[in-house]
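J.: Provide a 3D model corresponding to the input given below.
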Amino acid sequence: MEFHFLTKAFFSGALVGVLGLVFHLYNTLVAKPETLRSALKRQGVSGPRPTLLLGNILEIKKARDSTAKASTNGAPASHNCGATLLPFFDNWRKQYGDVFMFSLGNTQIVHVTQPAMVREITTCTSLDLGKPTYQAKERGSLLGQGILTSNGTIWAHQRKILAPELYMEKVKGMITLVQGSTITLLNCWDNISKKDDPNSSSAIFSNTPIHSILQLTMAINESLRLYPPVAVVSREALTDMKFGDLNIPKGVNLWTIVTTLHTDPDNWGPDSYQFNPERFANGITGACKFPHLYMPFGVGPRVCLGQNLALVELKILISLILSKFSFTLSPKYIHSPALNLVIEPGHGVNLLVQKL
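T.: A predicted model of the protein is given here:
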């Protein structure tokens, strides 16, 4: 009798556990995503129809596979890496407009490129708008609760500690170290080149002219415009929020596609896909209609902390290298942008280096 009772209790408990698991999976994978999508549909936001469990992943994969082999020998005639890396967004924008929704599995995402709405999202200082929680789950073992994926008070505390260490005043104190490292590199290259030219000089020293620094700044800005490190600025509404006329339910992600914002002809002019550093002759504000859409290091409260250091390093490194060597693109170079953690050359960059 007691054994029969225990057996019945065990199976009853198991049944309750299984039903609870089924209910949880149904709510997570079906009910909740549909509720979020319905809330957006009622506001006039449409998008590609998702499939169960996968959302629009298969459609995205098919589009990416169709452009994965796209490559050019030598420099491309047009710098539109967004069409190569994220071709599905251009297609969806044509069908559904600048604001539409799509799904990655059970994660619901709203695509936004409207200048006013992008400004409102990227400059939002509320801790209720943070990094997507799925990123922390996917990369938690690598990044932990670091500043790249954390939210709320944890993120705010880390930001408060780290930011002062990378202010421009602190970066200025690193210039001598950066110069010394660069000169060590160039002297190494110089020693290698002397094997071919015994009469070459043995040391490299160069307080590059200001006008050259300005030209380097323009070239760097234009390079980061066409090939920004990060393709997408993504945020998640950690509670119900509102941007413009759009109510964003808790759990919905907001994506602004940097490659699209950086090359939109309506903002940058008819030559938006051409490499033209002169467009930055009057700074970022003079280069386009909406300067806040230029975000190679992100923008707003979560702008990259290392931006100042990265730009100073680039200017010093490039100016010292160009004082001693010239570069041309090798015939072996294959232009094939790839999207991994950041945008990078899929086959590396083959250059011909000549000592001046």
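J.: Would you map the strands across the protein?
T.: Under the criterion DSSP state E, strands of the chain are mapped to 72-73, 100-104, 107-111, 129-130, 232-237, 241-243, 246-248, 253-257, 325-329, 334-335, 337-339, 343-345, 351-355.
J.: Out of the ones you listed, which gets the lowest mean score?
T.: Of all the strands of the chain, strand 72-73 carries the lowest average pLDDT, namely a mean of 78.
J.: what sits up against it?
T.: 331, 333, 334, 335, 336 (CB atoms under 8 Å, 6 or more residues apart in numbering). Any C-beta I mention is one placed from the backbone N, CA and C, and that applies to glycine too.
J.: do the same with stretch 30-43
T.: Contacting residues not belonging to stretch 30-43 are listed as 50, 52, 55, 101, 103, 106, 108, 110, 245-247, 249, 251-252 [CB under 8 Å, 6+ apart].
J.: Looking at those, which is nearest residue 187?
T.: Within the contacts of stretch 30-43, proximity to residue 187 (CB to CB) peaks at residue 110, which comes in at 52.3 Å.
J.: Across the sheet, point out what pairs with the closest one.
T.: With DSSP bridges applied, residue 110 shows beta-bridge pairing to residue 101, residue 254.
J.: List the residues that contact it.
T.: 40, 45, 99, 100, 101, 246, 248, 252, 253, 254, 255 are the contacts of residue 110 under CB under 8 Å, 6+ apart.
J.: Isn't residue 101 up against residue 112?
T.: No: proximity of residue 101 to residue 112 does not meet the contact threshold set by CB atoms under 8 Å, at 10.2 Å.
J.: one step back: export the strands of the chain to TSV and tack on distance to residue 62?
T.: Compiled in TSV, these are given as follows (distance: least, CB to CB, whole Å):
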stretch	distance to residue 62
strand 72-73	22
strand 100-104	14
strand 107-111	18
strand 129-130	31
strand 232-237	19
strand 241-243	31
strand 246-248	28
strand 253-257	19
strand 325-329	32
strand 334-335	23
strand 337-339	16
strand 343-345	21
strand 351-355	35
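J.: can you tell me which of the ones you listed comes nearest to residue 270?
T.: Residue 270 lies closest to strand 253-257 among those, at 20.5 Å (CB to CB).
J.: Now do that closest one against strand 232-237, angle only.
T.: Between the axes of strand 253-257 and strand 232-237, defined by axes from the mean of the first three to the mean of the last three CA atoms, to 10 degrees, the angle is 160 degrees.
J.: Measure how strand 253-257 sits relative to strand 107-111, angle-wise.
T.: Angle, strand 253-257 to strand 107-111, by the same axes, to 10 degrees: 40 degrees.
J.: Mind listing residues that contact strand 253-257?
T.: Applying CB under 8 Å, 6+ apart, the set of residues contacting strand 253-257 is 82, 86, 89, 107-113, 118, 121-122, 129, 132, 134, 231-237, 243, 248, 295.
J.: Kindly recompute the last result at 7 Å.
T.: Where contact means CB atoms under 7 Å, 6 or more residues apart in numbering, the residues beyond strand 253-257 that reach it are 82, 86, 89, 107-113, 118, 121-122, 132, 231-236, 248.
J.: Can you say which of the residues you listed are buried?
T.: Those of the contacts of strand 253-257 that meet the buried threshold are 82, 86, 89, 107-113, 118, 121-122, 132, 231-236, 248, by 16 or more other CB atoms under 10 Å.
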